[in-house]
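**Student:** Any chance you could fold what I've pasted below:
(2 chains)
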Amino acid sequence: MLAARGRGQSFAAIATVLGWWLAADVARAEQAPPEPAPAEAAASEATPGADDGDDPSEPVHSLDAIVVTGSRTERPLGETPVATEVITPSEIRESGAQNLGELLEERIGVYIDRSSVAGAAVQLQGLPADYTLILVDGVRQPGRINGAIDLDRFSIEDIERVEIVRGSSSALYGSDAIAGVINIITKKAKRPLEIDGTGSLGAYQTIDASGSIGLNRPRWSTRLSAGYHSRGSYDLDPSDPATSQSESVQYNFDNQSTFSPSRGFTLTSSLDYRNQDRNAVDVSAAGGALFDRENLTETGSVLLKPEWKFDGGTRLELRGSLGIFRDQFLLDQRGSNELDEVQDTREYNAQLGTQLDTLVAESHLVSVGAETWYETLDTVRLASGSSERSRVSVYAQDEWTLHEGPLVVLLPGARVDIDSQFGAYPTPRLAMRVDPIEQLTLRASYGWGFKAPDFRELYLLFENPSVGYLVEGNPDLEPERSRSYNLSAELRPHPNVSLSVQGFLNQLSNRIGTILAPSDEVGPRRFIYQNVDAASSMGIESSIRVSPVKALRLDFGYSWTRSENRADGQPLSGQPLQRATAAIAFAARSIGFEASCRTAVVGPRPFYQDTNGDDIVERQDSDPYATVDVRLAQRVGYGFDTFLVGENLLNAGDAQFLTIPPRTFSGGIRYDY
Amino acid sequence: MAKAQHPLLFIGVLALPLLAGCAEDLAVEASDDTGDEAVFTEAGDGGAFVTRVNASDMAAWRYFSFTTGSEVVPVDPATSADWDLAFQRFHILSNGGVTGSSGAAIAIVSGQTFADVSAAPAEGYLEDSADGDDDDTISESAFSDGDGWYAYDPATNRLSPHPNVYVVRTGSGAFFKLAILDYYDAAGTSGYPRFEWSAL
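**Tutor:** Below is the predicted model of the structure:
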């Protein structure tokens, strides 16, 4: 408590200093030349983009921004046949987020679930985290814990932008891309010399410090960055000694380099290392045993990507990458050694790929590619202690521009994955884009998707000695399958207004779940993985962006998502039926002041647990809640900015269903050269 | 200039995989060993005794004697008359029926507290019988009869004893009453049945 008061005082000091700067700048603003009239400003520079944000320092018409995820080729956002949402550098800065989990928290159509030990798990289109593919610069990321990749491990200082493609993209990316793909595009050096540094302090031992240096020369560029991020633990249920969320200390290094010795050839390399140490206290519901839990997680990856561009628009790319994920899990029982546990899990993967894009007969942009994937896993949890598998895939797609005005584009594509465990699996997709008028874009797609069974589902042998239950993998599992339908419309009735609405239906079959092996006795049980379930998710996501004046941007979003288990018609666990978001961003460039506020309102979420011992789960709905985050930033000159961030201002959260951090304030300073 | 950067870049790239996995190996502290005895008996209320058995092993059995109030390690449990009850996890057997040669049997007294039971029932004694139609391969005893000695909460995985009193008729013809108090030790570890008992 004393420590908390100490932090409160330092926060007050930061607020006072910031307040002084603000006052000084308001005085200066009164003498500043008047800004151009709103209409003029809007016509010349405001960005009517569907999903993009305006960045006053980089006045780019958002529809010209390059995206890569939807069709796996570099396309201007305004031309891509597959709807792609982009979180731009200015939106990333305005959010005040320190990692990807925080960044996505208040986006429409994205739900971040922080209830599991895995950290921040993302849910798209009403489906759990294992149905969303996470890429960094197009490379599949290792390290799913309980099916989810922890989005908090991706620190904000290395993220240039984030691209989100909803709906099935298995036809390009293969396994896991059922509900969508989130592609993190990392920062590269753009200016001859760039240096930046950020430091911030906040409540709950929140410390964020990062810095980078970048060099860009005619033939090469390199950017080296490092970050340190710590979060204290917190406890939403003081009645027991358990913590609600781990304390976490992470440090990371990242390097992105390019080398272009000759015209038309670029070699891109990327390497990164992250070390995250999480500590928590757990209490066993059964016997009341207390545990000190530690997860020490390391991820490292190397990517080399030579790329040739030939005259006439032909492009050839090779990709080779190695990824390592090591998770050490330790349970140290207090007062005894009996239930102590140490598990060392190492996951290695190697990926090789090639892709050729070429323009055929002027109207066909044809992409063909091949990939190999090799993965090994060492863990005591597997029956054999370690396992390996490989997959070879080929894919092709044709972006066929049938008509230029009005624009009509057809995008047929297909991919076949041949897996060492389950054999061949094809995933076709047909997407279409029609712009009946310049202000309106309509898109439709139908695609197959699949999710390969993971090692745990195939080969796990897990005994819980304290209770005596057993979970067994099943090497005969088949991949989970999906059929996805997506429809969307984007309307830009005025340069300052854009609207989008998107409807989807995903039908999943062959879902993998555990079933109880037959038993007639109360007590320890045996569970085995099977392709048992079918499920579906459907919904509508809509958003409006209005920029009434250049300095102001308003965003509203609403989503209605229904996901249900086909067998019993019950909604899937933890998925909210309704969610609404709003954001307001204000930027007064002349005085270097920015303010933004983001909010998300989340409806009740269903959870299932057998609370009365009759072997039938009972449904319990969590309370609706709202989160509100604000950020204020002020330029102070010489390349420095100060900022103040308040997160979860309404102090939402409960120990049972919503273990999110309580209200937190932090403040810091940023330097950019 | 560019060529000079080139080898540096690649040395960096190749060195990176060495980094991952370079963190220290986690290890538990060996210091907090409880040093518990396998079977520990202390005086309880009203002249009764309270015994805690370390039955946490997934396979091995612990043997207990009312006569000594302590652990017995019989050379051949099937023929030994030195032990009265055997424990493995939540399984409890007696030295009679299909389990042992001593002729022990157990009666279940429900609806009375441990203190209330002052005399052995005249009848209702069950000897251990062959494994029933369940998913273990362990013989049945009075402790697994009916609902068994415990209630299982699937939400928490907790085993809680039913408020039954068991009267054990040992092979030598002596009677002991017994009530199970708990299945967890002081550190919360399961597989540590603790029971109150006294001679009748």
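**Student:** Spatially nearest residue to A:Gly335, not counting backbone neighbours?
**Tutor:** Nearest residue to A:Gly335 in three dimensions, chain neighbours excluded: B:Ala187, at 3.8 Å (Cβ to Cβ, 6 or more residues apart in numbering or on different chains). (Glycine included, C-beta is placed from N, CA and C.)
**Student:** That neighbour in helix, strand or coil?
**Tutor:** Under the three-state scheme (DSSP: H, G, I helix; E, B strand; the rest coil), B:Ala187 adopts coil.
**Student:** Confirm for me that it is in contact with A:Asp332.
**Tutor:** No: if you go by Cβ atoms under 8 Å, B:Ala187 and A:Asp332 don't touch, sitting 11.3 Å apart.
**Student:** list the buried ones in stretch A:311-326?
**Tutor:** Along stretch A:311-326, these residues count as buried under the neighbour rule (16 or more other Cβ atoms under 10 Å in any protein chain shown): A:315, A:317, A:319-326.
**Student:** Give me the subset of those residues that lies in strands.
**Tutor:** A:315, A:317, A:319-326 (DSSP state E).
**Student:** returning to that earlier point: and the buried residues of stretch A:311-326, which is closest to chain B?
**Tutor:** Within these, the smallest distance to chain B is 3.8 Å, found for A:Ile324 (Cβ to the nearest Cβ).
**Student:** which residues does the closest one bridge with?
**Tutor:** Beta-bridge pairing for A:Ile324 (DSSP bridges): A:Gly300, A:Tyr348.
**Student:** Run through chain B and note the low-pLDDT ranges.
**Tutor:** With pLDDT under 70 as the threshold, chain B has low-confidence stretches at B:1-21, B:30-36, B:135.
**Student:** rewinding a little: using CSV, please lay out the buried residues of stretch A:311-326 together with pLDDT.
**Tutor:** CSV is the format used below for the buried residues of stretch A:311-326 (pLDDT from 0 to 100):
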residue, pLDDT
A:Arg315, 95
A:Glu317, 95
A:Arg319, 94
A:Gly320, 94
A:Ser321, 93
A:Leu322, 91
A:Gly323, 91
A:Ile324, 91
A:Phe325, 91
A:Arg326, 91
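**Student:** What number of residues are in the vicinity of the residue nearest to A:Gly335?
**Tutor:** Number of residues near B:Ala187 (other Cβ atoms under 10 Å in any protein chain shown) recorded here: 22.
**Student:** got a list of what it touches?
**Tutor:** With contact set as Cβ atoms under 8 Å, 6 or more residues apart in numbering or on different chains, B:Ala187 has these partners: A:289-290, A:333-336, A:338, B:34.
**Student:** Quick check: the farthest pair among those residues?
**Tutor:** By the measure Cβ to Cβ, the contacts of B:Ala187 have their two most distant members at A:Leu290 and B:Thr34, which lie 13.4 Å apart.
**Student:** Can you pick out the residue with more neighbours from these two?
**Tutor:** When A:Leu290 and B:Thr34 are compared on other Cβ under 10 Å, the one with more neighbours turns out to be A:Leu290, at 18 against 15.
**Student:** so who does the spatially closest residue to the more buried one that is not a sequence neighbour touch?
**Tutor:** With Cβ to Cβ, 6+ apart as the criterion, A:Leu290 has its nearest non-adjacent residue at 4.2 Å, and that residue is A:Arg334. Each residue near A:Arg334 by Cβ under 8 Å, 6+ apart is listed here: A:289-292, B:32, B:187.
**Student:** In strands only, show me those residues.
**Tutor:** Members of those lying in strands (criterion: DSSP E): A:290-292.
**Student:** Tell me which residue in the stretch 1-150 of chain A sits closest to chain B.
**Tutor:** Sorted by distance to chain B under Cβ to the nearest Cβ, the residues of the stretch 1-150 of chain A start with A:Pro142, at 10.4 Å.
**Student:** coming back round to it: against A:Ala280, how distant is the residue nearest to A:Gly335?
**Tutor:** Computed with Cβ to Cβ, to the nearest Å, the distance linking B:Ala187 and A:Ala280 is 18 Å.
**Student:** Please apply the same query to A:Val628.
**Tutor:** 27 Å.
**Student:** Just give me how far stretch A:157-174 sits from the chain centre.
**Tutor:** Using Cα atoms, centre = their mean, to the nearest Å, we find the averaged C-alpha position of stretch A:157-174 to lie 9 Å away from the chain's own average C-alpha position.
**Student:** State whether A:Ser90 is indeed within a strand.
**Tutor:** No: per three-state DSSP, A:Ser90 lies outside any strand segment and is helix.
**Student:** how far away is it from A:Glu594?
**Tutor:** To A:Glu594, A:Ser90 is 9 Å away according to Cβ to Cβ.
**Student:** And for A:Ser257?
**Tutor:** According to Cβ to Cβ, A:Ser257 stands 31 Å off from A:Glu594.
**Student:** got JSON lines for the contacts of B:Ala187, with distance to A:Trp400 and secondary structure too?
**Tutor:** Rendered in JSON lines, the data for the contacts of B:Ala187 read as follows (distance: Cβ to Cβ, whole Å; DSSP: H, G, I helix; E, B strand; the rest coil):
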{"residue": "A:Ala289", "distance to A:Trp400": "63", "secondary structure": "coil"}
{"residue": "A:Leu290", "distance to A:Trp400": "63", "secondary structure": "strand"}
{"residue": "A:Gln333", "distance to A:Trp400": "63", "secondary structure": "strand"}
{"residue": "A:Arg334", "distance to A:Trp400": "65", "secondary structure": "coil"}
{"residue": "A:Gly335", "distance to A:Trp400": "69", "secondary structure": "coil"}
{"residue": "A:Ser336", "distance to A:Trp400": "67", "secondary structure": "coil"}
{"residue": "A:Glu338", "distance to A:Trp400": "65", "secondary structure": "coil"}
{"residue": "B:Thr34", "distance to A:Trp400": "72", "secondary structure": "coil"}
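**Student:** least confident pick among those?
**Tutor:** Looking at pLDDT alone, the contacts of B:Ala187 dip lowest at B:Thr34, where the score is 63.
**Student:** which stretches of the stretch 501-650 of chain A aren't confidently modelled?
**Tutor:** Low-confidence regions of the stretch 501-650 of chain A, defined by pLDDT under 70, span residues A:518-525, A:613, A:615.
**Student:** Mind jotting down where the helices sit in it?
**Tutor:** Residue ranges of helices cannot be listed for the stretch 501-650 of chain A, since DSSP state H, counting those that start in this stretch assigns none.
**Student:** Please apply the same query to the stretch 101-250 of chain A.
**Tutor:** If DSSP H, counting those that start in this stretch is used as the criterion, the helices of the stretch 101-250 of chain A fall at A:170-173.
**Student:** Show me which residues of it are close to chain B?
**Tutor:** Near chain B, the residues belonging to the stretch 101-250 of chain A are A:217, A:219-220, A:222 when assessed by Cβ under 8 Å from any Cβ of the partner chain.
**Student:** Just the buried residues from these, in ChimeraX please.
**Tutor:** To isolate in ChimeraX the members of those that are buried, counting by 16+ other Cβ under 10 Å, one can use:
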select /A:220,222
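**Student:** Which pair of the residues of the stretch 101-250 of chain A next to chain B spans the longest distance?
**Tutor:** With Cβ to Cβ as the measure, no two of these lie farther apart than A:Arg219 and A:Thr222, at 11.4 Å.
**Student:** So which residues of chain B form strands?
**Tutor:** Secondary structure of chain B (DSSP E): strands at B:39-43, B:49-53, B:62-65, B:70-72, B:85-88, B:91-94, B:105-109, B:150-153, B:158-161, B:165-169, B:175-184, B:190-199.
**Student:** Mind putting those strands into CSV with mean neighbour count and distance to chain A?
**Tutor:** Listed next are these as CSV, based on neighbours: other Cβ atoms under 10 Å in any protein chain shown; distance: least, Cβ to the nearest Cβ, whole Å:
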stretch, mean neighbour count, distance to chain A
strand B:39-43, 14, 14
strand B:49-53, 20, 13
strand B:62-65, 22, 15
strand B:70-72, 18, 18
strand B:85-88, 24, 11
strand B:91-94, 26, 10
strand B:105-109, 21, 17
strand B:150-153, 17, 5
strand B:158-161, 19, 4
strand B:165-169, 23, 18
strand B:175-184, 20, 3
strand B:190-199, 22, 4
